[in-house]
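>>> Here is the input, now give the coordinates:
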Amino acid sequence: MVGLAGFEPTTPCPPGKCATRLRYSPLKNGEKKEQGKCGLASTENHDISKGMNRIKTAIVGASGYTGMELLRMLLIHPGVELVAATSRQEAGKCLSSVFPRFKNAPGTELPFIAPDPDAIAATGAKVAFLALPHGVAAEIARALLDRGLRVIDLSADFRLRDAAVYEEFYNHPHPAPDLLGEAVYGFPEVRAGEIQTARLVAAPGCYPTSISLPLLPLLRENLIDPETIVANSMSGVSGAGKKADTTFLFCECNESARAYGVPKHRHLSEIEQELSLAAGEKVTISFLPHLIPVNSGIATTTTAKLRVGVSPEAIGAALESAYSESYFVRLLGRGVCADTKNVTRTNFIDIGWEHDPRTGRVILMSAEDNLVKGAGGQAVQCFNLMFGLDPIAGLQNF
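Alright, predicted model coming up:
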């Protein structure tokens, strides 16, 4: 049986059974990626499911686009026992009837239930993913925390440290300001230690992931002028969520591209928060999001002026120093443009860069899937950290 490049199948399957586990070798502390002919990290001698306990897990709001991606990943996650999936609209229907693509996958006979905290807790769930709108997630997050569950929230409710900033950008008071000090902003590549011990993790937004990960190392090392940062992003239509809205009808989006949310998109709040923390000073940027006629994927191009005296080579060195051991951050190097077709349906973010000597600006190019690395996949990364599981468990697809 031939496996994916860099992977090998587990022991042969009995007749009628299918192997779903892959072997992968994570990086040890201080170890660099060993590049082979295909540029893949070494993947020998590690069974991803070895010693892995199955964690009873719930998804609250499992019928939307992000909920569907969470189901896709968690149904095959060797460390997960899915015990609850909620949807007011689909309550009583089994997962496979709502999502026929999952038919015959183990666990899809599970019925959707209403999002009742007591019912979720009664399943024995130890953790809940919340794929709910902002303003709605906070209430059920508090209820589940009170019942002893750990919570990974994919809404914006716990991403910001300042309740006043939340109210400014989301136009209503924060529903649980007392929990903001406890919530951990869930960049696995940046805050792994805090995520491991957290009760409440706020999964970052899709745009913030594509913009912040390339910029954070450069701001930490004071290589660019923060006042000159301009970010342009293009996102697939699934980023708007699964809702009835004329703006997102096929005939409105197909064969068309347009900017929106200008000049103050909601994600600016968390982008500027994280960039300011990295820079050690308040950072204000220009962010111009665009809607493009694809289902999923984000391509972001960010520019900023290099500090006086900074060599362009320092950009590549800073990115390598920050992410050389981060499996899901693929550094493309200088002069290589990131392409959404290489990351959709995966948890990878690809980052390339270039320098324009005419303007003195560095150009950062990133691509990710807005529903995976920009949402559900990054949340699963946090889950793996929180429960001491293999960092790539449930996320091995290419």
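>>> just so I have it, where are all the helices in this protein?
65-74, 95-98, 117-122, 137-146, 163-170, 192-197, 206-220, 250-253, 268-279, 313-323, 377-386 (DSSP state H).
>>> quick one, which of the ones you listed is nearest to Ser238?
The closest of the helices of the chain to Ser238 is helix 65-74. By CB to CB, the value is 4.8 Å. From N, CA and C alone the C-beta is placed, and that goes for glycine too.
>>> Keeping just the C-alphas, turn stretch 376-384 into PDB.
Provided in PDB are the C-alpha atoms of stretch 376-384 (Å, rounded to 0.1, in the frame of the first residue of the first chain):
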ATOM      1  CA  GLY A 376     -11.600  24.900  12.600                       C
ATOM      2  CA  GLY A 377      -8.100  23.500  11.900                       C
ATOM      3  CA  GLN A 378      -6.400  26.000  14.100                       C
ATOM      4  CA  ALA A 379      -9.000  25.200  16.800                       C
ATOM      5  CA  VAL A 380      -8.100  21.500  16.500                       C
ATOM      6  CA  GLN A 381      -4.400  22.500  16.900                       C
ATOM      7  CA  CYS A 382      -5.300  24.200  20.200                       C
ATOM      8  CA  PHE A 383      -7.300  21.100  21.200                       C
ATOM      9  CA  ASN A 384      -4.300  18.900  20.600                       C
END
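>>> what is the mean pLDDT for it?
For stretch 376-384, the mean per-residue pLDDT is 98.
>>> Name the surrounding residues that touch it.
Residues outside stretch 376-384 that contact it (CB atoms under 8 Å, 6 or more residues apart in numbering) are 55, 57, 66, 69-70, 73-74, 77, 79, 127, 129, 131, 152, 154, 186-188, 195, 201, 203-204, 209, 328, 346-347, 369, 371-372, 389-395.
>>> what about 7 Å?
Stretch 376-384 is contacted by residues 66, 69-70, 73, 127, 129, 152, 154, 186, 188, 195, 201, 203-204, 209, 328, 347, 390-391, 393-395 when judged by CB atoms under 7 Å, 6 or more residues apart in numbering.
>>> Neighbours of the residue lying closest to Ile363 once chain neighbours are set aside, how many?
Take Ile363 and drop its neighbours on the chain: the residue closest to it by CB to CB, 6 or more residues apart in numbering is Glu354, 4.6 Å away. Using other CB atoms under 10 Å, Glu354 is surrounded by 17 other residues.
>>> I'd guessed Glu354 sits against Leu364; true?
No - counting by CB atoms under 7 Å, Glu354 stays clear of Leu364, with 8.6 Å between them.
>>> Neighbours of Gln378, how many?
Residues lying near Gln378 (other CB under 10 Å) number 28.
>>> The one 10 residues further on now?
The burial metric for Gly388, expressed as a neighbour count using other CB under 10 Å, is 12.
>>> got the contact list for Gly236?
Ile292, Val294, Asn295, Ser296, Gly297, Asn370.
>>> and the helices of the chain, which one is worst for confidence?
Here the helices of the chain differ in mean pLDDT, and the lowest is helix 250-253 at a mean of 79.
>>> Kindly export that helix (C-alpha atoms) in PDB.
The C-alpha coordinates for helix 250-253 follow below in PDB (Å, rounded to 0.1, in the frame of the first residue of the first chain):
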ATOM      1  CA  PHE A 250     -24.200  33.000  -6.600                       C
ATOM      2  CA  CYS A 251     -25.200  35.600  -9.200                       C
ATOM      3  CA  GLU A 252     -24.000  38.400  -6.900                       C
ATOM      4  CA  CYS A 253     -20.500  36.800  -6.300                       C
END
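>>> Tell me the buried residues in it?
The neighbour-count check on helix 250-253 (16 or more other CB atoms under 10 Å) flags Cys253 as buried.
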